[in-house]
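**Q** give me a 3D structure for the following:
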Amino acid sequence: MDITAVILCGGKSSRMGREKTFEQINGLPIIEHILNVVRNIFQNIVINSNNPHLFKSYNLPVIEDIIPNKKSIGGIYSVLKKIDTKYAFVVACDMPFLLEGAFRLMLKKIEENDYDIVFPKIQGQFQPFFAIYSKNCIPAIEELIYQGKFKSSLLVDKVNVKIVDQGEFKNISDIDKLFFNINTEHDFENALKGRFKKTKIFGIVAKNSNSGKTTLIRKLIKRFKDEKFRVAVIKNTFHKIEIDKEGKDSYHFFQDGADAVVITSNDEIVIRKRKDEEHKFPIKYIRDNYLSDVDVIILEGHKTGNIPKIELIKNDQREFIFTNDSAVSAIVSDKYIDTSLPVFKFDEDQKIFEFIKNA
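**A** Here you go, the predicted structure:
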């Protein structure tokens, strides 16, 4: 095929704290696990990195970012601009358990139809770093970069996309292992121990207030706890967060400029930490750094982002989130909704629980 395999190594590995590409799994650097697979399939292979000297020993072309500091989408853009083939099969440098069958399944989709992008969708989330991109994506990527938007998943609504459901990968390997990526030290330790299942994340969202989000979340917490799941809830608010009282030592420590204050007791821990410019506390950062020991995270009020969501719709509502957000995976409503998505009633919390558990 008219395609180039691209190993995306342009990240700063800030969450890992060191260059993760060369960390060893089962005696081999992660990048060599990937190369051992792609060399069996692709004639054209390149590396995207802004540190080309690190990859001299691999004797492969290294493409640097044309526009610096535009995150992974900048690397994808640079590769598409510079390669000679029509397509780029982009693979993140931190996925050591990919198999040849997964690549061939994706390539088959391009052979069936001339798509601009082929994205897997695993546990309700797009996988833009194991995906095929056409040069037809270049104008749409340029538009996103110009707008200061750096998420590749935003391309879904701008070009002709083929979504590959996770069920199509089940005959190839365990889904959690196949798409396991190493972002943190905790991930690396889990990879060495053969622990591949990451915390499930689901959002409960609504267009309007007083939609019943809190009531449903409380019911879901009980359902999960009844089945021995460890569950966390992250609530988004536009108000100032008040978890401490003036006059308390911990209050003064934070007001004096401490970057974080942690309060512990025999059975609880409270962490108050300032946001930094690099992370801004995205959900996956919170999961990987603070909640990696829970099984399920329920988000309340996080309407944006490529996190699978369930939308609650009130009877008198005329505008909906799901019409513009492909991450909405199901609807909760007591009235008829014209959609192919699963629709539950408000009192069907057991069915909603089963849906989230099996997603």
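**Q** for the helix or strand of the chain with the lowest mean pLDDT, buried residues please.
**A** Least confident helix or strand, the chain: helix 283-290 with a mean of 79, by mean pLDDT, DSSP states H and E. Under the neighbour-count criterion of 16 or more other C-beta atoms under 10 Å, helix 283-290 has 283-289 buried. C-beta coordinates here come from the backbone N, C-alpha and C atoms, glycine included.
**Q** and if you look at stretch 266-275?
**A** By 16+ other C-beta under 10 Å, the buried positions in stretch 266-275 come out as Arg272.
**Q** and that stretch, how far out from the chain middle?
**A** 25 Å (C-alpha atoms, centre = their mean, to the nearest Å).
**Q** one more: stretch 48-57?
**A** Centre to centre, stretch against its chain (C-alpha atoms, centre = their mean), the figure for stretch 48-57 is 26 Å.
**Q** same question, stretch 124-138
**A** What separates the centre of stretch 124-138 from the centre of its chain is 13 Å, taken as C-alpha atoms, centre = their mean.
**Q** one more: stretch 352-359?
**A** Taking C-alpha atoms, centre = their mean, one finds the center of stretch 352-359 at 19 Å from the center of the full chain.
**Q** what are the buried residues along it?
**A** For stretch 352-359, the neighbour count (16+ other C-beta under 10 Å) marks 352-353, 355-357, 359 as buried.
**Q** could I have that stretch exported to CSV, CA atoms only?
**A** Taking C-alpha atoms only, stretch 352-359 is exported to CSV below (Å, rounded to 0.1, in the frame of the first residue of the first chain):
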residue,chain,number,x,y,z
ILE,A,352,-27.0,2.0,33.1
PHE,A,353,-24.6,0.4,35.6
GLU,A,354,-24.3,-2.7,33.4
PHE,A,355,-23.7,-0.5,30.4
ILE,A,356,-20.8,1.3,32.0
LYS,A,357,-19.4,-1.9,33.5
ASN,A,358,-19.4,-3.6,30.1
ALA,A,359,-18.3,-0.7,27.9
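**Q** please begin residue numbering at 683 from this point
**A** All set: I'll call the first residue 683, so the last point we hit is now stretch 1034-1041.
**Q** which other residues reach that stretch?
**A** 805-806, 882, 884, 898, 902, 905-906, 909, 978, 990, 992, 1011-1012, 1014, 1024, 1026 (C-beta atoms under 8 Å, 6 or more residues apart in numbering).
**Q** again, only this time at 10 Å
**A** Identification of contacts with stretch 1034-1041 by C-beta atoms under 10 Å, 6 or more residues apart in numbering yields 804-807, 848, 882-884, 886, 898, 901-906, 908-909, 911, 977-978, 980, 990, 992, 1011-1012, 1014, 1024, 1026-1028, 1030.
**Q** again, but for stretch 712-721
**A** Here stretch 712-721 makes contact (C-beta under 10 Å, 6+ apart) with 687-689, 691, 702-708, 710-711, 726-727, 729, 736-737, 740, 742, 771, 773-785, 863-864, 870, 873.
**Q** what about Thr919, distance to Gly983?
**A** Distance, Thr919 to Gly983, by C-beta to C-beta, to the nearest Å: 7 Å.
**Q** just to revisit the earlier point, starting at the chain centroid, how far to the helix or strand following the least confident helix or strand of the chain?
**A** Where DSSP states H and E defines the elements, the next helix or strand beyond helix 965-972 is strand 978-982. Relative to its parent chain, strand 978-982 has a centroid offset of 14 Å by C-alpha atoms, centre = their mean.
**Q** got it, and stretch 773-792?
**A** 17 Å.
**Q** inside helices: which ones of the contacts of stretch 712-721?
**A** Residues of those located in helices (DSSP state H): 782-785, 870, 873.
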